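[1] starting from these lines, generate the structure:
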Amino acid sequence: MAALASLEASVRILEKKNFNLNVSMARRKKGLDKFMEYPLASLSQWYCLAPENRYPIQLLDCVTAAIYFMKTAEDYGMDPAHVVIGGDSAGGNLAATACQALAHRRDISKLRAQGLIYPGLQGLDLNLPSYQQNQSVPFLFQETVAMLGLRGFGYSMSFKDCLLEGPHVPMDMKLKYRKWIHADNIPKEFKVRGHTPKSPSSFSLESYGITRTLLSPAFSPLTADEGTICLLPKPCIITCEYDVFRDDGLLYKKRLEDNGIKVTWYHIENGSTEVYGFFGYRLFSFPSGEKVLNHTIHFIKDL
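    Numbers count the residues shown, from 1 in each chain. Alright, predicted model coming up:
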């Protein structure tokens with residue numbers, strides 16, 4: 001790929017005995033000094049951004065970076081058999097899809113684990129309980145999810161209501177994925193804040209034709225086939241109660257467990273979207289952000 005030629009310019013391999021997400025973040029996130037005592041390193045990938053670059057170029061960038069690093073890890077004194085891929089929110093989506101894209105490869109070592117921090121994992125149903133309950137909770141609204149999805153693919157914002165109401169999903173696809181993506185699979189305790197099932201909407205061939213890429217495993221890893229799910233590395237999933245993506249994480253947890261994969265799961269009961277991203281930003285830094293960081297640290301330590 002074209003990205004491979006310039007990859008070394010777009011990644012940073014930090015000192016072997018330091019674990020910083022990247023140089024600038026290490027300076028503002030005081031909590032990251034907890035990592036310093038562990039012999040770990042990190043790699044950050046600056047992937048191309050939308051809307052100038054349409055999805056899935058972002059996924060291709062991340063997969064290319066992972067492959068390059070795993071093939072050259074020993075050059076940096078790293079063990080390619082102990083690589084963890086992770087991300088939060090949209091980065092959690094990229095981490096999950098990248099792990100799936102790498103699952104069948106035989107030219108690199110198997111990933112050691114994946115860390116998914118309140119990840120968005122599907123574009124089929126934006127009316128799951130968490131999407132309704134947290135539709136107006138900062139910093140990520142239900143409508144914003146639809147708009148960002150359309151923006152990432154370069155689609156017209158006129159299809160926003162289609163994503164929110166569901167006419168972009170064919171009935172046979174709804175039936176096929178119902179066992180994986182449906183409010184019935186969400187535990188009752190996560191519905192106490194309310195949920196109103198949406199009446200089935202009339203299928204729109206035009207909407208499906210435009211937005212169908214949103215339904216593929218490359219963007220909706222919850223729709224991946226069983227053969228891929230079974231090959232995935234050890235997962236850690238962190239969900240937040242006041243987050244539209246909460247149920248995506250819960251449903252992915254169930255899918256993995258149904259396939260015999262042991263999941264490390266942490267639920268931040270008072271957490272909301274981007275609490276980790278804002279951790280260390282004074283006024284916008286919340287205790288729940290530190291909880292996310294601590295859970296991530298413990299997961300990596302215990303591998």
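
[2] surely Pro51 meets Gly154?
    Yes. Using C-beta atoms under 8 Å, Pro51 is in contact with Gly154, at 5.6 Å. All C-beta spots, glycine's among them, are computed from the backbone N, C-alpha and C.

[3] in the chain, which spans are strands?
    Using DSSP state E, the strands of the chain run over 11-13, 43-45, 84-88, 113-117, 234-242, 264-272.

[4] mean pLDDT, mean neighbour count and distance to Asp61 added to the ones you listed, as JSON lines?
    Below are the strands of the chain laid out as JSON lines (pLDDT from 0 to 100; neighbours: other C-beta atoms under 10 Å; distance: least, C-beta to C-beta, whole Å):
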{"stretch": "strand 11-13", "mean pLDDT": "35", "mean neighbour count": "16", "distance to Asp61": "10"}
{"stretch": "strand 43-45", "mean pLDDT": "78", "mean neighbour count": "20", "distance to Asp61": "6"}
{"stretch": "strand 84-88", "mean pLDDT": "94", "mean neighbour count": "22", "distance to Asp61": "13"}
{"stretch": "strand 113-117", "mean pLDDT": "97", "mean neighbour count": "25", "distance to Asp61": "18"}
{"stretch": "strand 234-242", "mean pLDDT": "97", "mean neighbour count": "23", "distance to Asp61": "22"}
{"stretch": "strand 264-272", "mean pLDDT": "93", "mean neighbour count": "18", "distance to Asp61": "27"}
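
[5] okay if I get these as JSON lines plus distance to Phe286?
    Output for the strands of the chain, formatted as JSON lines (distance: least, C-beta to C-beta, whole Å):
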{"stretch": "strand 11-13", "distance to Phe286": "28"}
{"stretch": "strand 43-45", "distance to Phe286": "24"}
{"stretch": "strand 84-88", "distance to Phe286": "14"}
{"stretch": "strand 113-117", "distance to Phe286": "14"}
{"stretch": "strand 234-242", "distance to Phe286": "10"}
{"stretch": "strand 264-272", "distance to Phe286": "8"}
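
[6] which one of those strands lies closest to Gln100?
    strand 113-117 (9.6 Å; C-beta to C-beta).

[7] ok, the residue nearest the centre of the chain to Glu206 distance?
    Centroid-nearest residue in the chain, with C-alpha atoms, centre = their mean: Gly92, separated by 1.9 Å. Gly92 sits 30 Å away from Glu206, going by C-beta to C-beta, to the nearest Å.

[8] how far does stretch 209-217 sit from its chain's centre?
    Computed by C-alpha atoms, centre = their mean, to the nearest Å, the separation of stretch 209-217 from the middle of its chain amounts to 17 Å.

[9] start to end distance for that stretch?
    Criterion C-alpha to C-alpha, to the nearest Å; first-to-last residue distance in stretch 209-217 is 16 Å.

[10] equivalent analysis for stretch 66-78, please.
    Stretch 66-78: ends 13 Å apart by C-alpha to C-alpha.

[11] show me what contacts the closest residue in space to Ile229 that isn't next to it in sequence?
    Of all residues not flanking Ile229 in the chain, Asn259 sits nearest, at 4.9 Å (C-beta to C-beta, 6 or more residues apart in numbering). Neighbouring residues of Asn259 by C-beta atoms under 8 Å, 6 or more residues apart in numbering: Glu226, Ile229, Cys230.

[12] now do the contacts for the first one.
    Translated: Glu226. By C-beta under 8 Å, 6+ apart, the residues touching Glu226 are Asn259.

[13] gap between it and Arg255?
    Note on Glu226: its distance to Arg255, by C-beta to C-beta, is 9 Å.

[14] then the second one?
    For Ile229, the distance to Arg255 under the criterion C-beta to C-beta works out to 6 Å.

[15] shared neighbours, these two?
    With C-beta under 8 Å, 6+ apart, Ile229 and Arg255 have no common neighbours.

[16] count the residues that sit near the residue nearest to the residue nearest to the centre of the chain when sequence neighbours are not counted.
    What sits nearest to Gly92 in space, not counting adjacent residues and going by C-beta to C-beta, 6+ apart, is Pro119, at 2.6 Å. Other residues near Pro119 come to 29 when the count uses other C-beta atoms under 10 Å.
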